[in-house]
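Student: need coordinates for the following:
(2 chains)
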Amino acid sequence: MTRIPDVEGSDLVPRDPDVLSIGDRAAAEAATRKLAEGYEDRAWGCMSSRHKFCREPCPVYQVTRNEQHTSYGFHATVAAMSQGLVDLEDAYEQYAYCTQCGACELRCPNTLFTGDFYRNRTQLVQLVKAVRAAGVEAGIERGSWKRWNDDTVTFRNEMQGDPAQVAGWADDLDLPRGGETILFCDCMAAYRQTKVPRAVSMLLREAGVEVGLMNDQWCCGGPALEMGYTDIYEQFARHNLEDWRAAGAKRVVTLDPHDYITFVEDYPRLFGDYGIEVLHITDLLAELIEQGKLRLERPIPVSVTYHDPCRLNKRRGIWESPRKILRAIPGLDFRDVDHVTQWAMCSGAGGGLPVALPDVAEKVARNRLDAAAPIGADVLASACVWAEDHLERVAAADGQMPVVDITVLAAMSAGLLEAEPWLAEVGRNREGAP
Amino acid sequence: MTMTYEGVNRQAVAELVDVLGAERVVVTPQGRLIRAMVPAPFPFHRWADEAPEIAVLPETTDEVVAIVKLANRLRIPIVPRAGATGLNDGAKPNRGGIVVDTKRMNKVLEIDTTDWTVTIQPSINMLKLNERLAPYGVWYPDDPASYPVSIVSGRIGTGGWSLLGSRYGHVRDNVISMEVVLPTGEVLEVGQGGGRKIRHSSTGYRLKDLFLGHQGTLGIATQATLELYPRPEAEFPAFFGYESFDAGYRAMQPFCRSNLATLAGVILFDERKVQYLRRDDEAYIPEPESLQSIVAVAAYGSEGEVAAARDRLMRIGAETGGRYLGEELSELDWASRHDRYATPLHGRSRDRAVHMSWHCEDAAITYSQLPFVKQRWHEIADRYIAEHEVFDNWGMFFYTNNAYKGWGDFLVEIDIGIWEQRLDEDSWRAWTNLKREITQVSLDAGGSISACHGATREGEVELVPAELGGQFDLMLKLKRMLDPNNIMNPGKYLLDQAYEDGEG
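Tutor: A predicted model of the protein is given here:
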């Protein structure tokens, strides 16, 4: 079979100008064959179902309502590639429409009802990464992702921050370098959402957990891998692991779910079992609270609803610990939305979506905030600095509720941080309410 | 007169881009190929030949009107596509052309809590619609197997059937009125009489039914007003096991005639279905081998009524020799009714596990004829399976089929696994022959070819004139009157005959 011919006049529908084409059909076809061979079977696993139960929970589909932008759509294109009807140069553009949140993997009947028995789990995230990587390898890439990754290589962080200032947020905190427990701070937290690592550091010190910083923290590399830049990812991963080993680290505490999933899912694929325990801060804090080592005693008189970060809830099953922390804060009115309902929600901040398709990412965030609004909470809390930063900007533009990290709330309740300005604002609004 | 079509050309693309903007016009190979099919059996070995030339994603009635008028003027086929989750192939283009993919038309326009209606752009999913309705204490109870994904406009196009129909009615009963863009581009308001929220009227002909189940051949629904019901205070599902199909079959009748207004549905599983579930379904593995058939029942309504229904249903189960399978299995199986029963991983080709697609062949059959149809369908399926490794028998279900009552005719389904990745022209031919034989049995039993999907596919559509008789001739006249250029979904339901020489 050969690629299906273009319809007359198809040139009147321009391709996404962000996609940099190689214009070399032979190279594209070779890359297509290689990709199709690796993923053909799982594509047919999905095509054989075609129930499309993955569709409505998909946060990107909820915005575009285009059935190509679903797990089913992505697998159908691979099946078409396996028959030679589509090549990678056609297909690559479609695979940007994914935040790699994992909702479709959970909602797939092949995973839900028989997955345990057959040891089967639909793995869309891996497929999306593989298509993007095949594109980059063949010279088909997005200009926006290429620039972003070039900058990340230059600065060794995603924020274009001065590499010498990667621990600048901790200048007055007197944290040691190295040690058995390393706090991995995340690029967003190091340069913009600095109150989060500060809160985390204070909470851990209060609970008697000694943490040190890396000698020279680089980006975790996860986002590069998510966009298909495997070489860059490996460069970062090797550097970070060497740094941890040089520091004598036995465990790494992450405060961002993107770092966490990179360390627990991707690094082992590259290094095997690398002998360092990786924790997400919410699991650690919940444990410290339960053990009585961390006391949250100052009341925080606000109503809070919680946004489950996709990489914690949908992809790693971490949804109880954040709720335990919120429920431990005195005076706080926690208005929970259960974690299964939240399979269909996402901030839109992941998988390179805001870099490639900022309008779509913004609409995903708006849908998340619109879902929170009827709950009538004062504040939307989360445990992901990328989600919070993205939601915060859209919420500010729309006049929606403030967004805050769960560790900041915990630090306020532990008396380690002064009340933030939004708290006074919430109080004033309440007093003025009829 | 025979119709000739033009392909999509430069002028058409330019005009479509002008109406919709380039971002809602799809010309990519992958965007066309995915819109070539639905979950119905699909000849993947000739996928390229089945693809539409272009797809468009309108958002408003005006845009749909512009697309339809353009297609009429340029003589290009248009195929409405809603959720594309049906097991018939209404949304599959038979002549290329323009696929009008309506999924972006999903706005809730009005929730009327006084007269209890909801007015929508109809391409919203029912589960999502019910999330919007929940704060008002009401719901829209249409509950097909595809409930978490299918959308109202597709349910309108197929005249869909609901698992809860015996309590709450089916799509025909719960769509009060619609706005439809006709094949000529005119916009028609159609309902019971004239008022958008009137449920029953004696004025004029009952034209609403014409636009429910036409498989995209008569129009595109762009707005719909739906019935609302109070959210059920209680639901009670119960599963009973029987030692033979005959025992289950005999037990079904007293459940169906239990005189309970809360009875939402009764489902009978045959022994082949139980065997299929035992392949590895943890819910059935612990059940003793003597369990050969299951009757599942469910009641929905107010707490007091459902409590009373529970007592009566449990008594009927005991009196008919059924073994109650327990609260856990009953509740969990009922809760997972939308997706537990058809998984590709259960596929077996000569005892080898392979990915197979679920295909449900259905018919409407009276109670007295169910054993005859069951025996004949299994004989036919097994004969083809013996010859072709791409087919597998996944057993049969029998469901209550009528609105607001449990008796009468039943929806009968046989589930056939198909190894679509291995289909070729020979096995595809075998599939359509298998279908044709099954369909003939339904007619021999005095039944109807399809209770819930429609009957437009090769292997069944050839027998539609035999089933409908003079009604089919009237269908041809109506089609030609409403769609003078045979633009809308041409090639479906043998309606091309309306345009052959000497007709009309």
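Student: which non-adjacent residue is nearest the residue in the stretch 201-350 of chain B that chain A sits nearest to?
Tutor: Using C-beta to the nearest C-beta, the single residue of the stretch 201-350 of chain B nearest to chain A is B:Pro344, 3.7 Å away. Where C-beta positions appear, they are placed from N, C-alpha and C, glycine not excepted. Excluding the flanking residues, the one nearest B:Pro344 by C-beta to C-beta, 6 or more residues apart in numbering or on different chains is A:Ser48, at 3.7 Å.
Student: that neighbour is in contact with B:Ser357, isn't it?
Tutor: Yes - applying C-beta atoms under 8 Å, one finds A:Ser48 in contact with B:Ser357, separated by 4.6 Å.
Student: and for those two, which residues touch both?
Tutor: Counting by C-beta atoms under 8 Å, 6 or more residues apart in numbering or on different chains, the contacts common to A:Ser48 and B:Ser357 are B:Pro344, B:Glu420.
Student: dump the residue contacts of residue 181.
Tutor: Went with chain A since none was named. Contacts of A:Thr181 were listed using C-beta under 8 Å, 6+ apart, and they are A:Val209, A:Glu210, A:Val211, A:Gly212, A:Ala249, A:Lys250, A:Arg251, A:Val252, A:Val253.
Student: ah, I was thinking of chain B
Tutor: With contacts defined as C-beta under 8 Å, 6+ apart, B:Val181 is in contact with B:Thr61, B:Val64, B:Val65, B:Val68, B:Val187, B:Leu188, B:Gly219, B:Ile220, B:Thr222.
Student: any buried residues in the host helix or strand of A:Lys146, and which?
Tutor: Secondary-structure assignment from DSSP states H and E places A:Lys146 in helix A:143-155. Using 16 or more other C-beta atoms under 10 Å in any protein chain shown as the test for burial, helix A:143-155 gives A:Ser144, A:Trp145, A:Trp148, A:Asn149, A:Thr152, A:Val153, A:Phe155.
Student: of those residues, which is the nearest to B:Arg206?
Tutor: Checking those against B:Arg206 with C-beta to C-beta, the nearest one is A:Ser144 at 55.9 Å.
Student: tell me how far that closest one lies from chain B.
Tutor: Between A:Ser144 and chain B the distance is 17 Å, computed by C-beta to the nearest C-beta, to the nearest Å.
Student: with A:Leu284 instead?
Tutor: As it turns out, when the distance is counted by C-beta to the nearest C-beta, A:Leu284 lies 35 Å from chain B.
Student: now the residue nearest to that residue when sequence neighbours are not counted: which helix or strand?
Tutor: If you skip the residues right next to it in sequence, A:Leu284 has A:Val253 as its closest partner in space, 6.0 Å away by C-beta to C-beta, 6+ apart. Using DSSP H and E, the element containing A:Val253 is strand A:251-254.
Student: and for the nearest residue to B:Ala134 once chain neighbours are set aside, the neighbour number?
Tutor: Of all residues beyond its chain neighbours, the one nearest B:Ala134 is B:Arg231 (7.3 Å), with distances taken as C-beta to C-beta, 6+ apart. Residues lying near B:Arg231 (other C-beta atoms under 10 Å in any protein chain shown) number 14.
Student: wait, what's in contact with B:Arg231?
Tutor: If you count contacts by C-beta under 8 Å, 6+ apart, B:Arg231 has them with B:Ala134, B:Gly137, B:Val138, B:Trp139.
Student: related to what we said a few turns ago, got the buried residues for the strand holding A:Val253?
Tutor: Burial within strand A:251-254, assessed by neighbour count using 16+ other C-beta under 10 Å, is assigned to A:Val252, A:Val253, A:Thr254.
Student: got the residues of the stretch 101-250 of chain B near chain A?
Tutor: Applying the criterion C-beta under 8 Å from any C-beta of the partner chain, the portion of the stretch 101-250 of chain B that neighbours chain A consists of B:Asp101, B:Lys103, B:Arg104, B:Asn106, B:Ser123, B:Asn125, B:Leu127, B:Lys128, B:Pro135, B:Ser146, B:Pro148, B:Val149.
Student: oh, I was asking about the stretch 401-504 of chain B
Tutor: With C-beta under 8 Å from any C-beta as the criterion, the stretch 401-504 of chain B comes near chain A at residues B:Glu420, B:Gln421.
Student: in the stretch 401-504 of chain B, mark out all the strands, start to finish.
Tutor: Along the stretch 401-504 of chain B, the stretches classed as strands by DSSP state E, counting those that start in this stretch are B:409-418.
Student: enumerate the residues of the stretch 151-300 of chain A near chain B.
Tutor: Applying the criterion C-beta under 8 Å from any C-beta, no portion of the stretch 151-300 of chain A neighbours chain B.
Student: grab the nearest non-local neighbour of residue 176.
Tutor: I went with chain A, as the question did not name one. Counting by C-beta to C-beta, 6+ apart, A:Pro176 lies nearest to A:Gly212, which is 4.3 Å off, once chain neighbours are set aside.
Student: let me rephrase: I mean chain B.
Tutor: Among residues not flanking B:Ile176 along the chain, B:Thr225 sits closest, at 4.6 Å (C-beta to C-beta, 6+ apart).
Student: what is the burial count for that neighbour?
Tutor: Each residue near B:Thr225 was counted by other C-beta under 10 Å, and the total is 23.
Student: now A:Ala424
Tutor: Other residues near A:Ala424 come to 10 when the count uses other C-beta under 10 Å.
Student: make sure it is indeed in a strand.
Tutor: No - assessed by DSSP: H, G, I helix; E, B strand; the rest coil, A:Ala424 does not belong to a strand; its assignment is helix.
Student: give the contact list for it.
Tutor: Applying C-beta under 8 Å, 6+ apart to A:Ala424 gives no contacts.
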